[in-house]
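Student: Let's see this in three dimensions:
(3 chains, ligands or ions: 4)
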Amino acid sequence: MYSEKVMDHFMNPRNVGEIENADGIGEVGNAKCGDIMKMYLKIENDVIVDVKFKTFGCGSAIATSSIATEMIKGKTIQEALKLTNQAVVEALDGLPPQKIHCSVLAEQAVKSALLDYAKKHHITLDELNDFHPDEDHHEHGEEYEEA
Amino acid sequence: MNKRIYLDYSATTPMKQEVLEEMLPYFTERFGNPSSIHSFGREAKQAIDQARSRLAKAIGAKQDEIYFTGGGSEADNWAIKGVAYANRDKGNHIITTKIEHHAVLHTCEYLEKDGFEVTYLDVDEYGMISLEQLRNAITDRTILITLMFANNEIGTIQPIGEIGAIAREKGIYFHTDAVQALGNVKIDVNALNIDLMSMSAHKIYGPKGVGGLYIRKGVKIHSLIHGGAQERRRRAGTENLPGIVGFGKAAELAIENLDGHIRHVKDLRDRLIKGIMDKVDYVRFNGHPENRLPGNAHFAFEFIEGESLLLSLDMLGIAGSSGSACTSGSLDPSHVLMAIGLPHEIAHGSLRLTIGDFTTAEEIDYVINELPKIVDRLRQMSPLYEKVKGGQK
Amino acid sequence: MNKRIYLDYSATTPMKQEVLEEMLPYFTERFGNPSSIHSFGREAKQAIDQARSRLAKAIGAKQDEIYFTGGGSEADNWAIKGVAYANRDKGNHIITTKIEHHAVLHTCEYLEKDGFEVTYLDVDEYGMISLEQLRNAITDRTILITLMFANNEIGTIQPIGEIGAIAREKGIYFHTDAVQALGNVKIDVNALNIDLMSMSAHKIYGPKGVGGLYIRKGVKIHSLIHGGAQERRRRAGTENLPGIVGFGKAAELAIENLDGHIRHVKDLRDRLIKGIMDKVDYVRFNGHPENRLPGNAHFAFEFIEGESLLLSLDMLGIAGSSGSACTSGSLDPSHVLMAIGLPHEIAHGSLRLTIGDFTTAEEIDYVINELPKIVDRLRQMSPLYEKVKGGQK
Ligand SMILES: Cc1ncc(COP(=O)(O)O)c(C=O)c1O
Ligand SMILES: Cc1ncc(COP(=O)(O)O)c(C=O)c1O
Ligand code: FES
Ligand code: FES
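Tutor: Ligands and ions are numbered 1, 2, ... in the order given. Predicted coordinates:
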């Protein structure tokens, strides 16, 4: 059901933890739905020098958080803003259809952490003008017609 | 993966060697169609008759009250739709519970779209229905009570005898889904006043794809599968000969060995529960403390999510489940855990470990040793746990 | 009884050794529930996927258009009731024939009681429908044509491609019961414009109690068995894992070896027909001379009755059938033989011998030798024969 990449990131997640005095913190999802992702960023000169995450969720939620941290670490804010859930899915060699929303969650966690950073530092990130992390991210994949 | 520990006996069981051996000749040698009148057909027919009498004996029924089906789900669908449509002239009201298997729930929902009214009884925190609520739900339009014998997720066993007595007193048909109960609880359909009862072979070390419906003589019911004259004209289709033979053997073994089986799985189950509850904090034990399936242990670990727990266990070769196997494709928390009032976030951290005849004490001890470490690892990653622990590391 | 000659392959087939071997591991070792997410479940799921793709390949379908059922009868019931109820808003008229299997006929009769209208097409003396009658039967309320691919008694194969084309042109769903055709005729559901197709494993050297329904993508259909999310939420119930694996293997073997199989059974069948027709008087050969199942031989011997013929054959170890195995419990002459216009007294003397992969020329020669003697013996006892022969003995 899961690719080797997913299992690797699930069993050996990169960058788990918290950052004290983080420059930006994002939290998306909710416990009711069985998933919360929390992302911590340390940013120096517009570069993400450190990132950590904590996730309550399924295997793929943990794997997507883990790989998302790898994908933005060392990147500039502008580069990190370009992270899409499709890129996360591809980097993991695919996800089952009903788990795509975990990758959406990962994208949103990164964006909300950046938004938090922007707010704290009174800067505007135009890319995030339409970003509303509280939107219902639960798009549970393919539905079959049933009688 | 070197060692594999199967603790998902409620999802399905491996077949016993004795069952396989009994089935084998019927695939390639004694393969006749039981409806044929030649010797191949007659020996097939005899094998079916023997299986039917074994199953009848296992539940205290008469041989001609046993009907073979393609599984437990078909039996549930047949019992409920069959009784509903055949008795529509008497009423359109059905009583069931909120914790039934989907084969019952979705069938009831289908009937609701076709003009039937269904009352879904509540259960308490242990998964028990209230007999008083049941009594109050009965109207003069009620034609069927369908209420599961034992729950597949949390293992709770309902007071079937009392429910049967109420149904009998009111002259309402009583169907029970005994798919999980068969082979784990002593069942006598007459003592318990059961009118229809669903069973499934693959939960009692028999083959998959074979089930049975007990129908008390005189019950008015339509067929679900029309066609040939098999099963006393009530369930068409060439009989699954080896499967039925296997079901008969499995039922015989289950009944012969009922006490030994219960003792074995219960001892291991209690050892598992104690081991886990002693070593892990923030864990709830679900289902009824006494009235439960002997092999069922059901936990909810706070701050973590069931799938990641299952995957971690699986990496160590331990097979468990997070609710019913049928629902593991779904992302919603189980309807059973909602019905017993578990908060969503806690329901998500549920783990069902079900023990069977092949489980050993060594396997249980291995799980007692490994599971707490996994829970701990996942909690270390969880933002919810962080809050509770106040950030200590 | 020393030798046993099985000539009832249309009733059911013995399973092939290769099929059994493919199934065996799934009973006791790889026994997981395909819905479970652990390793036992995943290996089970993979096995089901492989079987599904083998079956899809055998009929030119896509993998996600194949749904496994508990047999051919369930597939027929599902297809017909499922389409009827899901498309009731579009119409209530169904077209079928007078020679369908009971799984189709009785389902249609059930629907008639529930407000549907059914046209039962006639067939000619060979068992062929008329395309013109079919065209004329279509109304703007017609939602389904259900018309069997090949008849189980007399072996006649219908012009499925032409029927499919008409259905497609009129925008009506076309279901065909291909239980007898699969493995005996090349089938491509797209070339033939088939929308739904019923199949059964035990007619193609696979296991009993497993069937399949092909459902073209986009067809509107209700479920027959509600419950768990198996089979893309359309057919609930824990999958018959070994059975499905066996069906997949049997389908693969059948397709790989289709030409060889057809040649083998047809040669023996023609040898049998010639042998019998040459040696026996007052015998009719039923069904279509060319468009028929390769292994099907169907005779009607005048002046004698089928059951006594079958019993006499059985005493010699020869297993045949007097019409469909499903109806052999009944005393009425077969509805198929009535439909082709056989007089009652002649229909009663019918004998179906169906040949399969394990049949040998020696077996056929033995039957050619013994059958005429039996017919003669029974005729000597028959008051009808007496009249014809004018009392000579
Ligand atoms: C034409 C036809 N349709 C349907 C069936 C029913 O299939 P099953 O016996 O698998 O239910 C049969 C055989 O019994 C058949 O010959
Ligand atoms: C309580 C209960 N009812 C019905 C079923 C369905 O039985 P089957 O899988 O044989 O269709 C199951 C198991 O899946 C069950 O646990
Ligand atoms: S976090 Fe909800 S399914 Fe993955
Ligand atoms: S003669 Fe015996 S059944 Fe009619």
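
Student: Would you agree A:Thr55 falls within a helix?
Tutor: No: using DSSP: H, G, I helix; E, B strand; the rest coil, the secondary structure at A:Thr55 is strand, not a helix.

Student: residue nearest the centroid of chain A?
Tutor: Closest to where the C-alpha atoms of chain A average out (Cα atoms, centre = their mean) is A:Ala106, at 2.0 Å.

Student: which residues touch it?
Tutor: A:Met37, A:Ala61, A:Thr64, A:Ser65, A:Ile67, A:Ala68, A:Asn85, A:Val88 (Cβ atoms under 8 Å, 6 or more residues apart in numbering or on different chains). Using the backbone N, CA and C atoms, a C-beta is placed for each residue, glycine as well.

Student: Please identify which of those residues is nearest to C:Gly349.
Tutor: The closest of the contacts of A:Ala106 to C:Gly349 turns out to be A:Ala61 (Cβ to Cβ; 71.5 Å).

Student: So B:Leu144, which state does it fall into?
Tutor: strand.

Student: in the sheet, who's paired with B:Ala297?
Tutor: Beta-bridge partners for B:Ala297, by DSSP bridges, are B:Leu353.

Student: That one touches B:Ile355, doesn't it?
Tutor: Yes: here B:Ala297 reaches B:Ile355: they are 7.2 Å apart, a contact under Cβ atoms under 8 Å.

Student: Residues in contact with both of these two, list them for me.
Tutor: Residues touching both B:Ala297 and B:Ile355 by Cβ under 8 Å, 6+ apart: B:Arg269, B:Leu272.

Student: about what we covered before: quick check: the residue nearest to the centre of chain A vs B:Gly306, distance?
Tutor: Applying Cβ to Cβ, to the nearest Å, the value for A:Ala106 to B:Gly306 is 20 Å.

Student: B:Leu337 - nearest residue in space that isn't next to it in sequence?
Tutor: Take B:Leu337 and drop its neighbours on the chain: the residue closest to it by Cβ to Cβ, 6 or more residues apart in numbering or on different chains is B:Ala347, 3.9 Å away.

Student: what about that neighbour, neighbour count?
Tutor: Residues within reach of B:Ala347, counting by other Cβ atoms under 10 Å in any protein chain shown, total 25.

Student: Can you give me the distance of it to C:Ser53?
Tutor: For B:Ala347, the distance to C:Ser53 - Cβ to Cβ - is 36 Å.

Student: mind listing the strands for chain A?
Tutor: All strands of chain A, identified by DSSP state E, fall at A:24-30, A:35-44, A:47-56.

Student: Those strands: which one's closest to ligand 1?
Tutor: The closest of those to ligand 1 is strand A:35-44. By Cβ to the nearest ligand atom, the value is 44.6 Å.

Student: and that closest one, which strands flank it?
Tutor: strand A:24-30 (antiparallel), strand A:47-56 (antiparallel).

Student: model confidence over that strand, on average?
Tutor: Averaging pLDDT along strand A:35-44 yields 95.

Student: Can you confirm whether that strand lies near ligand 3?
Tutor: Yes: using Cβ under 6 Å from any ligand atom, strand A:35-44 reaches ligand 3 at A:Asp35.

Student: again, but for stretch A:54-64
Tutor: Yes: Stretch A:54-64 is in contact with ligand 3 by Cβ under 6 Å from any ligand atom, via A:Gly57, A:Cys58, A:Ser60, A:Ala61.

Student: if I pick the last one, what's in contact with it?
Tutor: Same thing as A:Ala61. Contacts of A:Ala61 (Cβ under 8 Å, 6+ apart): A:Gly29, A:Asp35, A:Met37, A:Thr55, A:Cys102, A:Leu105, A:Ala106, B:Glu305, B:Ser308.

Student: related to what we said a few turns ago, name the member of the contacts of A:Ala106 that has the highest neighbour count.
Tutor: A:Thr64 (34 neighbours).

Student: I figured that one was touching A:Ile100, is that so?
Tutor: No: in this structure, A:Thr64 is not within contact of A:Ile100 by Cβ under 8 Å, at 9.7 Å.

Student: quick one: low-confidence parts of the chain?
Tutor: Answering for chain A, as no chain was given. By pLDDT under 70, the weakly predicted segments of chain A are A:134-147.

Student: ah, I was thinking of chain B
Tutor: For chain B, the ranges with pLDDT under 70 are B:1-2, B:323-332, B:390-393.

Student: Break it into its domains for me.
Tutor: If you go by automatic domain parsing, the domain ranges for chain B are B:5-13+B:258-389, B:17-256.

Student: Quick one: distance of the first one to the chain centre.
Tutor: For domain B:5-13+B:258-389, the separation from the chain centroid amounts to 17 Å (computed by Cα atoms, centre = their mean, to the nearest Å).

Student: same thing with stretch B:12-20?
Tutor: Centroid separation for stretch B:12-20 versus its chain: 17 Å, with Cα atoms, centre = their mean.

Student: residue contacts, residue 69?
Tutor: All of this is about chain A. Contacts of A:Thr69 by Cβ under 8 Å, 6+ apart are A:Arg14, A:Asn15, A:Met39, A:Val51, A:Lys52, A:Phe53.

Student: The chain in question should be chain B.
Tutor: Residues near B:Thr69 by Cβ under 8 Å, 6+ apart: B:Ala75, B:Trp78, B:Val210, B:Gly211, B:Gly212, B:Leu213, B:Arg235, C:Gly70.

Student: Let me see the ranges of the helices in chain A.
Tutor: Assigned by DSSP state H, chain A shows helices spanning A:4-11, A:59-72, A:77-81, A:85-91, A:100-120.

Student: Distance-wise, check B:Tyr26 relative to B:Leu241.
Tutor: Distance of B:Tyr26 to B:Leu241, computed by Cβ to Cβ: 5 Å.

Student: Any part of stretch B:212-225 near ligand 2?
Tutor: No: if you take Cβ under 6 Å from any ligand atom as the test, stretch B:212-225 misses ligand 2, and the best it gets is 10.0 Å.

Student: Stretch B:146-160 too?
Tutor: Yes: Stretch B:146-160 reaches ligand 2 (Cβ under 6 Å from any ligand atom) through B:Met148, B:Asn152.

Student: List phi and psi for the nearest residue to B:Lys186 once chain neighbours are set aside.
Tutor: Nearest non-adjacent residue to B:Lys186, counting by Cβ to Cβ, 6+ apart: B:Leu258, 6.5 Å away. Main-chain dihedrals, B:Leu258, degrees, to the nearest 10: phi -60, psi -50.

Student: now swap in the one 3 residues further on and tell me
Tutor: Taking degrees, to the nearest 10, you get phi -60, psi -50 for the backbone angles of B:His261.

Student: Pick out the residue in the stretch 51-200 of chain B sitting closest to chain C.
Tutor: Relative to chain C, the nearest point of the stretch 51-200 of chain B is B:Gly70 (2.5 Å; Cβ to the nearest Cβ).

Student: Against B:Phe247, how distant is that residue?
Tutor: Distance of B:Gly70 to B:Phe247, computed by Cβ to Cβ: 11 Å.

Student: And for B:Val19?
Tutor: Distance, B:Val19 to B:Phe247, using Cβ to Cβ: 9 Å.

Student: So for those two, which residue has more residues nearby?
Tutor: Per other Cβ under 10 Å, whichever of B:Val19 and B:Phe247 has more neighbours is B:Phe247, with 30 against 26.

Student: Tell me the secondary structure at the more buried one.
Tutor: Secondary structure state of B:Phe247, per three-state DSSP, is helix.

Student: Please apply the same query to B:Ile94.
Tutor: strand.

Student: close enough to count as contact, it and B:Val118?
Tutor: Yes: in this structure, B:Ile94 is within contact of B:Val118 by Cβ under 8 Å, at 4.9 Å.

Student: between these two, what contacts are shared?
Tutor: Common neighbours of B:Ile94 and B:Val118, using Cβ under 8 Å, 6+ apart, are B:Cys108, B:Leu111.
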